[in-house]
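# Prediction below, plus the sequence it came from.
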Amino acid sequence: MPTNDLKCIDLFAGAGGLSEGLSEAGFYTMFANEIVDEYAQTYRRNHINAKVTTADVRTLDAVAIRRELGLEREELDLLAGGPPCQGFSINAPIRSTLDERNHLFKEYLRFVDAFAPRAILIENVPGLISFEDGATLHDILNALAEFGYGADVRILGAAYYGVPQMRWRTIIIGLRGQNLPLSIFPEPVYHAPIRPNFTTTFNGQSLVKMPAPETDSNFVTVREAIGDLPPLKNGEHGEKTKQYATKPDCSYQRRARTGSPGVINHEAQRLSEINMKRLKYIQPGGNWTNIPDDLLPKGMHRARKSDHTKRYGRVEPNGLASTILTKCDPHWGAYFHYEQDRAFTVREAARIQSFPDHFIFTGSQTQQFAQVGNAVPPLLANAIGLAIKAVLTEGK
């Protein structure tokens with residue numbers, strides 16, 4: 001286990017996926033802020049040593065927080081977070097600037113100013129690259145430069161780092177007073193069958209971090225991620241803490257089980273009668289096109305067979321899952337289990353997001369799904385954290 005001697009704070013922290021991965025990489029999260037109380041409760045449950053506030057970030061006094069944490073400016077190692085950025089551009093249209101959430105990147109900059117951390121980490125959606133034809137991203141990088149940070153951006157595919165799903169994230173990293181070394185963005189460790197469906201270039205440069213030819217081709221599959229979890233019937237809850245169905249048969253399962261008393265948050269949501277009828281026609285790797293027309297939602301009767309290829313999908317056990325969203329609703333993705341006639345549980349969604357089993361989600365099942373879907377996959381955060389740590393500790 002790494003020594004957690006690098007100090008970090010996490011803004012817009014959600015349930016704590018980013019902090020979980022950074023902790024595994026050797027960062028100690030001193031402080032976190034999250035506006036949604038249910039998310040903050042889960043964060044507290046799993047990051048017991050962090051000071052966690054549930055508040056609108058705009059109400060926080062960044063300087064007072066720094067002093068309360070006993071830090072001087074330039075002592076914090078990493079300021080991390082996922083602030084909404086799309087409204088930051090000076091050229092943003094009215095439809096964006098009227099949404100106050102889109103100005104929250106300025107609040108992140110307040111903390112940059114107050115703490116002057118050695119490094120900054122920002123995660124966002126891939127669409128940030130193309131928003132306003134790149135003007136927003138230009139403004140973000142220019143703002144960081146004005147604060148003395150050399151910063152750059154890459155788009156990382158989570159599956160390249162061992163996360164068994166088709167998820168992409170935009171990652172901005174900055175270092176105070178210096179240009180970024182090429183090693184600051186982690187090298188992919190796997191090849192994986194993922195393909196970007198968004199803008200991938202900025203200032204004429206490709207931003208997608210691709211695997212090298214010699215990289216391992218054995219990406220983590222859905223079966224490897226969840227195959228050891230106990231079977232459930234549609235709507236079945238069972239004991240709060242369940243026993244594993246099998247011994248771990250791969251490194252992914254062994255990692256997931258470390259420090260866990262058993263399987264928690266593993267309760268099957270109840271699918272409707274019509275969805276159970278639809279499911280009978282869908283084989284692993286199949287989707288809505290396998291469902292008879294008379295069982296399809298009316299809105300999909302005229303859809304082309306090539307459209308919405310993940311809807312009502314039953315995952316391929318030897319492939320990758322759909323991007324885990326804030327609810328595993330079969331209408332929006334391939335969230336049917338590959339061999340059990342039901343949808344994913346919260347724990348299965350969390351496994352596919354790379355959360356360890358000791359990470360417990362609190363609140364209602366609906367709230368738990370939202371916490372999992374909104375999170376940064378810890379394995380991806382771990383890879384980023386290790387790369388930043390290597391630069392920060394170089395020569396020490």
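Right, received. Where do you want to start? Numbering: from 1, shown residues only.

# quick check: mean pLDDT across stretch 110-119?
Model confidence over stretch 110-119, given as mean pLDDT, is 97.

# Quick one: end-to-end distance for that stretch.
Distance across stretch 110-119, first residue to last, is 15 Å (Cα to Cα, to the nearest Å).

# And the strands in the stretch 101-250 of the chain, which stretches?
Counting by DSSP state E, counting those that start in this stretch, the segments of the stretch 101-250 of the chain that form strands are 119-124, 149-157, 168-176, 201-202, 205-206.

# Next, find the distance separating the spatially closest residue to residue 159 that is not a sequence neighbour from residue 210.
Computed as Cβ to Cβ, 6 or more residues apart in numbering, the closest residue to residue 159 that is not its neighbour in sequence is residue 192, at 3.6 Å. Glycine gets a C-beta too; all of them are placed from N, C-alpha and C. As defined by Cβ to Cβ, to the nearest Å, residue 192 lies at a distance of 11 Å from residue 210.

# Can you give me the neighbour number for residue 268?
23 (other Cβ atoms under 10 Å).

# List the contacts of it.
232, 233, 234, 235, 236, 237, 342, 343, 345 (Cβ atoms under 8 Å, 6 or more residues apart in numbering).

# For the residue nearest to residue 261 when sequence neighbours are not counted, give its distance to residue 17.
Closest residue to residue 261 apart from its sequence neighbours, by Cβ to Cβ, 6+ apart: residue 241 at 6.2 Å. Look at residue 241 and residue 17: by Cβ to Cβ, they are 22 Å apart.

# repeat for residue 267
For residue 267, the distance to residue 17 equals 21 Å [Cβ to Cβ].

# neighbour-wise, which of the two wins?
Shown here are residue 267 and residue 17; by other Cβ under 10 Å, residue 17 has more neighbours (29 against 19).

# Touching, the residue nearest to residue 159 and residue 219? I think so.
Yes - Residue 192 lies in contact with residue 219 (Cβ atoms under 8 Å); the separation is 4.0 Å.

# Overlap in contacts, these two.
Joint contacts of residue 192 and residue 219 (Cβ under 8 Å, 6+ apart) are 159, 160, 320.

# out of those residues, who's nearest residue 29?
Nearest to residue 29 among the shared contacts of residue 192 and residue 219, counting by Cβ to Cβ, is residue 160 at 24.9 Å.

# quick one: pLDDT of the closest one?
Value for residue 160, per-residue pLDDT: 97.

# Can you pull out the residues in contact with the helix or strand containing residue 275?
Here residue 275 sits within helix 273-279, counting by DSSP states H and E. Helix 273-279 is contacted from outside by 234, 271, 288, 291, 295, 296, 312, 314, 330, 336, 341, using Cβ under 8 Å, 6+ apart.

# do that again at 10 Å, thanks
234-235, 270-272, 286, 288, 290-292, 294-297, 312, 314, 329-331, 336-337, 340-343 (Cβ atoms under 10 Å, 6 or more residues apart in numbering).

# Nice, that's everything, thank you.
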